[in-house]
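> Need the 3D shape of this:
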Amino acid sequence: AAAGKAAAAAAATGRTSQAAHFLEELGKLAPQMSHAHLQDAAAEAALEGIRLCEEHARRFVQLLVQTLDGPVQDQELARDAAWTLHKLAPRSSAVRQWILD
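Now for the predicted structure:
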């Protein structure tokens, strides 16, 4: 419960989007850098950060789908899983694909 409250507070203040925005901007800037080593390091950092975000998101979507796959033992858990998928799927083609996978 504490982690959920911390995540909600971070999202409400915009702190969670700062890192994602940084990775996006770094990815755009990397090809413009003239120093090859720095360009490679920037591109690698951006790609790795994005890869980690996607990996965590995919695993969470898989958890939500698994929660709803089979007999439901906990109605509250099932409602939250279904609600979350219902909210995320229209916003992301990646989420829709992960649900199907």
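> What segments of this structure are helices?
With helices called from DSSP state H, the chain shows them at 2-13, 15-29, 36-68, 75-88, 93-100.
> CSV for these, including mean neighbour count and mean pLDDT?
In short, each C-beta sits where N, CA and C put it, glycine included. Compiled in CSV, the helices of the chain are given as follows (neighbours: other CB atoms under 10 Å; pLDDT from 0 to 100):
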stretch, mean neighbour count, mean pLDDT
helix 2-13, 10, 70
helix 15-29, 13, 87
helix 36-68, 14, 96
helix 75-88, 13, 96
helix 93-100, 14, 95
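> Can you name the residues in contact with stretch 89-97?
Identification of contacts with stretch 89-97 by CB atoms under 8 Å, 6 or more residues apart in numbering yields 54, 57-58, 61, 85, 88, 99.
> right, and the pair among these with maximum separation?
With CB to CB as the measure, no two of these lie farther apart than Glu54 and Leu85, at 17.1 Å.
> now Ala42, nearest residue through space, not along the chain?
Excluding its sequence neighbours, the residue lying closest to Ala42 (CB to CB, 6 or more residues apart in numbering) is Ala30, at 4.0 Å.
> Quick check, the one you found in contact with Leu47.
No. Contact criterion CB atoms under 8 Å: Ala30 and Leu47 do not qualify, at 9.1 Å.
> list the residues that contact both of these two?
Contacts common to Ala30 and Leu47, judged by CB under 8 Å, 6+ apart, are absent.
> For Arg96, see how far away the closest residue to Ile99 other than its chain neighbours is.
Nearest non-adjacent residue to Ile99, counting by CB to CB, 6+ apart: Val65, 5.9 Å away. Noted for Val65: a distance of 12 Å to Arg96, by CB to CB, to the nearest Å.
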